[in-house]
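Visitor: what would the 3D arrangement of this be:
(one chain, ligands or ions: 1)
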Amino acid sequence: MTQLTFPPGFVWGAATAAYQIEGAWNEDGRGESIWDRFTHTPGKIADGSTGDVACDHYHRWQEDVEHMAALGLKSYRFSIAWPRILPTGAPPINEKGLDFYRRLIAALNERGIIPNVTLYHWDLPQALEDRGGWANRDTALRFAEYAALLFRRLGADVPLWVTHNEPFIQTFYGYGTGEYAPGRRDPRVMLSVAHHLLLSHGLAVQAFRAEFPSGPAGEAPCPQIGIVLILWPHHPASQRPWDLRASRFADGATNRLFLEPLFRGRYPEDVLRHFARRGIRPAIRPGDLQVINVPIDFLGLNTYSRLVTRFDPLDLIGGARQAASSGPTTAMGWEIYPPCIIETLRQARAYTSVPLYITENGAAFDDAVAPDGGVHDDARVAYLREHIAMAHRAIQEGIDLRGYYVWTLLDNFEWSHGFSKRFGLLYTDYASRRRIWKRSAHWYREVISRNGLEV
Ligand code: GCO
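Guide: Presented below is the predicted three-dimensional model:
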């Protein structure tokens, strides 16, 4: 057994997202979001469920904060539901919605748990989708207005702000394949959607700097702002040129399409060319890329697995298809591949020297409450142990990794899978909404209290 110790001040966290846990979808003035509309449309969600109640966190948030304190979390990453603040996407403010987050943030700060707040985890106000959603450039301007308002009202109490969570998922699943809200299958708008999401990020960061000008040189700014990307390490299914090309394209469409504009102020040529040949072009205006390329304070990375790609001539958009994985998988069918942590961090480091966080990592398994009342999720403990060990190796390698967040605090609404996939440290009993600590929660509490683990 070796003891792996993390640097002092390493940020141990857990993450959630508003629509996945809050419920109370039409309470206290909250407006309709694209996820409400989507889940209320029959056939969209595997088990026919919705986020109308979800984990009922909106009413049970105090209990949830107590669980976080008992776990010893140093930070809690969550998102704000835009339609709670601005029910139709634009002012006036719904003060009751703002109050909910104000109270949550205060309770976290009182317990020494750093709030890490995402402005957008996919729950666009439906009123904005009705005007074109992210395919409409105006949505980027509305987002900047919403962000500025939150910076003004809550900004100083939140040390870590995130503009977007995984613009890739919103772009491709929301507007390309339609598997996620708003459920549009319109590949022609995909690149414009990505561009408007990125533009809205840049505009929000500008608004943030206007509210919180940088301090003296050499001093870490507080509060800070960044973005969260999902990065998949890509591996070709074989060394044949067409598989290599397909894998390179998959990396371009998922990872480089976002990394390059954010950190180099340009889109990857090969990806643009690939889409242009299929008549898909982003609506870029002069000056946009400078806005997107605005300096940020940190980068958050979500990583779960890797993608092994083989060429597929029938896939008209990508020419790429994911090969079936040979190793063990999670309940999502995702290969368990711990080096995803270090490969993802290395790719990010090639683009930027800002501090990095793993803002999501975790696994779904078919957890059940045992006759003794416990949830013995040994597979999740093993998954987390191996992935956290990789995070430690990355730090040894000199990567400036500042924190690690488990996805997720408690079992919740897993998008188009509904409640059928459990990722939580805490088990949610959906009949009673009771939370039960899984073995992984007890284990993670130990990791946090020792600031490390044994492998
Ligand atoms: C995501 C989302 C989470 C998911 C998680 C598991 O990053 O995709 O942030 O909302 O629930 O990734 O699929």
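Visitor: could you measure from residue 154 over to the ligand?
Guide: Between residue 154 and the ligand the computed distance is 21 Å (Cβ to the nearest ligand atom, to the nearest Å). The C-beta positions use only the backbone N, C-alpha and C, and glycine is treated the same way.
Visitor: let me redo that: residue 176
Guide: The span separating residue 176 from the ligand equals 15 Å under the rule Cβ to the nearest ligand atom.
Visitor: in this structure that residue contacts residue 190, no?
Guide: Yes: look at residue 176 against residue 190 with Cβ atoms under 8 Å: they come within range, at 4.7 Å.
Visitor: can you report how many residues lie near the nearest residue to residue 234 once chain neighbours are set aside?
Guide: The spatially closest residue to residue 234, leaving aside those adjacent along the chain, is residue 251, at 4.1 Å (Cβ to Cβ, 6 or more residues apart in numbering). With neighbours defined by other Cβ atoms under 10 Å, the count for residue 251 comes to 25.
Visitor: so what's the predicted local confidence for residue 251?
Guide: Looking at residue 251, its pLDDT stands at 96.
Visitor: am I right that it is in a strand?
Guide: No: residue state for residue 251 (DSSP: H, G, I helix; E, B strand; the rest coil) corresponds to helix; a strand is not indicated.
Visitor: please determine how far it is located from the ligand.
Guide: Taking Cβ to the nearest ligand atom as the measure, residue 251 falls 18 Å from the ligand.
Visitor: ok, now residue 452?
Guide: In this structure, residue 452 lies at 25 Å from the ligand, with Cβ to the nearest ligand atom as the measure.
Visitor: quick one: mean pLDDT for the biggest helix by length in the chain?
Guide: Selection of the longest helix in the chain by residue count, based on DSSP state H, yields helix 190-211. Averaged over helix 190-211, pLDDT sits at 98.
Visitor: hang on, the earlier thing: so the residue nearest to residue 234 makes contact with residue 231?
Guide: No: the pair residue 251 and residue 231 does not pass the contact test of Cβ under 8 Å, sitting 9.1 Å apart.
Visitor: residues near the residue lying closest to residue 167 once chain neighbours are set aside, how many?
Guide: Using Cβ to Cβ, 6+ apart and skipping residues adjacent in sequence, the residue nearest residue 167 is residue 197, 4.1 Å away. Taking other Cβ under 10 Å as the neighbour definition, residue 197 ends up with a count of 25.
Visitor: tell me if I am right that residue 259 is in a helix.
Guide: Yes: assigned with three-state DSSP, residue 259 falls within a helix.
Visitor: shouldn't it be in contact with residue 347?
Guide: Yes: under the contact definition of Cβ under 8 Å, residue 259 touches residue 347, with a separation of 7.5 Å.
Visitor: what do those two both touch?
Guide: Overlap of the contact sets of residue 259 and residue 347 (by Cβ atoms under 8 Å, 6 or more residues apart in numbering) consists of residue 231.
Visitor: who's in contact with residue 143?
Guide: With Cβ under 8 Å, 6+ apart as the criterion, the residues that contact residue 143 are 82, 119-120, 200, 203-204.
Visitor: and the two most separated of those residues?
Guide: Maximum pairwise distance in these, criterion Cβ to Cβ, is 14.8 Å, between 82 and 203.
Visitor: those two: who's more crowded?
Guide: For residue 82 against residue 203, the residue with the higher neighbour count under other Cβ under 10 Å is residue 82, and the figures read 27 against 22.
Visitor: ok, the more buried one touching residue 124?
Guide: Yes: with contact defined as Cβ under 8 Å, residue 82 reaches residue 124; the gap is 6.6 Å.
Visitor: helix, strand, or coil at residue 286?
Guide: The assignment at residue 286 comes out as coil when based on three-state DSSP.
Visitor: quick check: it vs the ligand, distance?
Guide: 33 Å.
Visitor: show the model's pLDDT score for the residue of the stretch 1-150 of the chain found nearest the ligand.
Guide: Nearest residue of the stretch 1-150 of the chain to the ligand, counting by Cβ to the nearest ligand atom: residue 17, 4.7 Å away. Each residue has a pLDDT score; the one for residue 17 is 99.
Visitor: got phi/psi on it?
Guide: Residue 17 has phi and psi values of phi -140, psi 150 when expressed as degrees, to the nearest 10.
Visitor: count of neighbours near it?
Guide: The burial metric for residue 17, expressed as a neighbour count using other Cβ under 10 Å, is 25.
Visitor: and the nearest residue to residue 135 once chain neighbours are set aside, how far from residue 81?
Guide: Nearest residue to residue 135, sequence neighbours excluded (Cβ to Cβ, 6+ apart): residue 189, at 4.1 Å. According to Cβ to Cβ, to the nearest Å, residue 189 stands 24 Å off from residue 81.
Visitor: so between the two, which is more surrounded?
Guide: More neighbours sit around residue 81 than around the other of residue 189 and residue 81, counting by other Cβ under 10 Å; the figures are 25 against 21.
Visitor: contacting residues around the more buried one?
Guide: 18-19, 22, 30, 33, 97, 123.
Visitor: quick check: phi and psi at the residue nearest the centre of the chain.
Guide: The centre of the chain sits closest to residue 165, judged by Cα atoms, centre = their mean, with a distance of 3.9 Å. Note on residue 165: backbone dihedrals following degrees, to the nearest 10 are phi -100, psi 120.
Visitor: again with residue 76
Guide: Its backbone dihedrals place residue 76 at phi -130, psi 120, with angles given as degrees, to the nearest 10.
Visitor: test my guess that it contacts residue 111.
Guide: No: contact status for residue 76 versus residue 111: not in contact, 9.5 Å apart, counting by Cβ under 8 Å.
Visitor: who's more crowded, these two?
Guide: The residue with more neighbours, out of residue 76 and residue 111, is residue 76; 25 against 13, by other Cβ under 10 Å.
Visitor: gap between that one and residue 57?
Guide: On the measure of Cβ to Cβ, residue 76 and residue 57 end up 12 Å apart.
Visitor: same thing with residue 207?
Guide: On the measure of Cβ to Cβ, residue 207 and residue 57 end up 28 Å apart.
Visitor: which one's more surrounded, these two?
Guide: In this view residue 207 and residue 57 are compared by other Cβ under 10 Å, and residue 57 has more residues nearby, 25 against 22.
Visitor: let me see the contact set for the residue lying closest to the more buried one once chain neighbours are set aside.
Guide: Spatially, and ignoring its direct neighbours in sequence, residue 57 is nearest to residue 21 (4.1 Å; Cβ to Cβ, 6+ apart). The neighbours of residue 21, taking Cβ under 8 Å, 6+ apart as the test, are 54-55, 57, 409-410, 412-413.
Visitor: please redo it, this time with the cut-off set to 6 Å
Guide: Neighbour list for residue 21: 54-55, 57, 412 [criterion: Cβ atoms under 6 Å, 6 or more residues apart in numbering].
Visitor: among these, which are within reach of the ligand?
Guide: When these are filtered against the ligand using Cβ under 6 Å from any ligand atom, no residues are retained.
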